[in-house]
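Chemist: for reference, the sequence and a predicted model appear below.
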Amino acid sequence: MPDDIPQLNPGDVQEALQLQTRDMYNLLRYLWTGTLLPQNAQDFEARTEVTAAHYAKYKADLDAVVKDYTVIASHCKKFKDITYPSIVKIASNIYDYADTASGGGDVEAAYYAAIVTNIHDLAEITDQASPAAKKLAGEINGIIDAMMERIDALQADAAKVKKDLSDFEEECKKDQTSLDARVKAVKDKITTVGGDIDQLQKKIKDDMAEIIKDQEEIKHDNLIMYTSASYAWCTILGAVAALTADIIYAIKKKNTQKAIDELNKKLTEETKELQDDKAIVAQLDNVKLDIQAVIDQIGPAIKTIEKMEGEWGATTENLANIKKYVQNDIKKLSVKAPLTVSKTIVHKWLVVRDDAKRYVDLAYVSDVRVTTFEDYTKELAKKVVQF
């Protein structure tokens, strides 16, 4: 028998769950961007606010881009509608496990507290071969087997999610390679037809980077406050924070509107034809950034799932070791697991349960509203003044 007494506390399960919450929120935000990509010429014209005549100048190349957008959107939608809910299901099952382990905060109803109590009752029986001893040992093993069965299901779900994440990552990389070629063709055609706009692109990109940085900070602050994620899809910026009261306050504080106004000015001060070229390039560049952002989020998400698998594996090992002690050294186990630990164990699993519930409650963003860049700018200016 090992010298170390197995533990009944959750270990780092809570930390792994918190990491999962962060990583999956980040991933979901960009998934919405992919899902809402324009999938025909009319949608592309509406989103970028370019004329049909201007679209026609680059029709063959833009049609190829839109075709790629359709594929990307289908991959993102499949992940959002099928894989992501399976990730939320894991959190829901963790909630159920932790609720059972903690008895919902009631020590008398907690499975883990019952294990400790039965261990001490069994240790008091002199004849470990007696029917009473066998009955108690059977009850302990029965509880442990039931909990281990739940963990096995969690591990199976986690393994499937990990594979789905890896498959989605490969799809995104293939989509990215194809789209890069399509975007280059459009940019080359625009440069040939409309002249070099590289310098203007750089200025626009710098402004976009500032806005995106502020949006990320606002999103992060909003999550810390445990407010359900809420976004709008803006033609130029992609997924942006919806203009709720707390977001408006944050935007006003960070002076984000100034950056947005400067970008809007740069996009509108030129002729309509050049403006359309710039809008197309800005939209294409931002979609490329969003696809890379999705890919960047998948790796950490996979590692988090692996950490979760490791923690549940350790939990299973601890439970299995308790069964060995019940069979071979119940006295030692009872000494190392005093009755007083029951409340501590229950509390720790209750914290895990509450974190899991919070994740499930906040798992889905509200419906994303599609808006034009001009309308988003006007709405922002109006609300900042009113705030």
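Modeler: Okay, I see it.
Chemist: which parts of the stretch 201-350 of the chain are strands?
Modeler: Here the stretch 201-350 of the chain has its strands, by DSSP state E, counting those that start in this stretch, at 231-234, 238-241.
Chemist: just to check, residue 281 is in contact with residue 187?
Modeler: Yes - counting by CB atoms under 8 Å, residue 281 sits close enough to residue 187 to count as a contact (6.4 Å). For glycine as for every other residue, the C-beta is placed from the backbone atoms N, C-alpha and C.
Chemist: so where do the helices sit in the chain?
Modeler: For the chain, the helices defined by DSSP state H occupy 13-35, 41-48, 52-57, 59-78, 84-102, 111-123, 131-194, 198-224, 245-254, 256-268, 272-328, 330-336, 341-361, 373-386.
Chemist: residue 7: which of these is closest?
Modeler: helix 272-328 (5.5 Å; CB to CB).
Chemist: quick one: the closest one to helix 13-35, angle?
Modeler: Here the directions of helix 272-328 and helix 13-35 differ by 150 degrees (axes from the mean of the first three to the mean of the last three CA atoms, to 10 degrees).
Chemist: and helix 272-328 with helix 131-194, angle?
Modeler: Counting by the same axes, to 10 degrees, helix 272-328 lies at 170 degrees to helix 131-194.
Chemist: okay, now residue 283: neighbour count?
Modeler: Using other CB atoms under 10 Å, residue 283 is surrounded by 24 other residues.
Chemist: wait, it touches residue 48, no?
Modeler: Yes - between residue 283 and residue 48 there is a contact at 5.0 Å, judged by CB under 8 Å.
Chemist: tell me the pLDDT at residue 241?
Modeler: Looking at residue 241, its pLDDT reads 49.
Chemist: hmm, residue 75 is touching residue 170, no?
Modeler: No - in this structure residue 75 lies outside contact range of residue 170 using CB under 8 Å: 10.2 Å.
Chemist: between the two, who's got more neighbours?
Modeler: Using other CB under 10 Å, the more surrounded residue of residue 75 and residue 170 is residue 75, with 20 against 12.
Chemist: for the stretch 51-200 of the chain, give me the ranges with low pLDDT.
Modeler: Counting by pLDDT under 70, the stretch 51-200 of the chain has low-confidence residues at 194-200.
Chemist: same deal with the stretch 251-387 of the chain?
Modeler: Within the stretch 251-387 of the chain, the stretches with pLDDT under 70 are 251-272, 339-340, 363-387.
Chemist: let's go with 90 and repeat that
Modeler: Counting by pLDDT under 90, the ranges of the stretch 251-387 of the chain that qualify are 251-279, 281-283, 286-312, 314, 318, 327-348, 351-352, 354-387.
Chemist: tell me how far residue 187 lies from residue 39.
Modeler: 21 Å (CB to CB, to the nearest Å).
Chemist: so the two - more neighbours on which side?
Modeler: Set residue 187 next to residue 39 and count neighbours by other CB under 10 Å: residue 187 wins out with 20 against 16.
Chemist: ok, the more buried one touching residue 282?
Modeler: No - using CB under 8 Å, residue 187 is not in contact with residue 282; the gap is 11.5 Å.
Chemist: got any residues that touch both of those two?
Modeler: Between them, residue 187 and residue 282 share no contacting residue under CB atoms under 8 Å, 6 or more residues apart in numbering.
Chemist: next up, the contacts around residue 133.
Modeler: With CB under 8 Å, 6+ apart, residue 133 has these contacts: 122, 125, 127.
Chemist: buried subset of these?
Modeler: 122, 125 (16 or more other CB atoms under 10 Å).
Chemist: just name the closest of the contacts of residue 133 to residue 151, please.
Modeler: Nearest to residue 151 out of these is residue 122 (CB to CB; 23.2 Å).
Chemist: and the helices of the chain as CSV, adding distance to residue 7?
Modeler: What follows is those, written out as CSV (distance: least, CB to CB, whole Å):
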stretch, distance to residue 7
helix 13-35, 12
helix 41-48, 54
helix 52-57, 64
helix 59-78, 40
helix 84-102, 13
helix 111-123, 10
helix 131-194, 13
helix 198-224, 30
helix 245-254, 41
helix 256-268, 47
helix 272-328, 5
helix 330-336, 10
helix 341-361, 9
helix 373-386, 52
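Chemist: check the gap between residue 328 and residue 143 for me.
Modeler: Taken as CB to CB, the span from residue 328 to residue 143 is 18 Å.
Chemist: quick one, which of those two is more surrounded?
Modeler: Neighbours were counted for residue 328 and for residue 143 using other CB under 10 Å; residue 143 has more, 19 against 10.
Chemist: got a list of what that one touches?
Modeler: Contacts for residue 143 were tallied using CB under 8 Å, 6+ apart; they are 111, 114, 115, 118.
Chemist: setting aside sequence neighbours, what's the nearest residue to residue 314?
Modeler: Closest residue to residue 314 apart from its sequence neighbours, by CB to CB, 6 or more residues apart in numbering: residue 11 at 5.8 Å.
Chemist: sorry, slip of the keys, the one I care about is residue 279.
Modeler: Per CB to CB, 6+ apart, closest to residue 279 is residue 48, 4.5 Å.
Chemist: for the one you found, the count of nearby residues, please.
Modeler: Neighbourhood size, residue 48 [other CB under 10 Å]: 24.
Chemist: right, and it touches residue 276 too?
Modeler: Yes - with contacts defined as CB under 8 Å, residue 48 counts as touching residue 276 at a distance of 7.5 Å.
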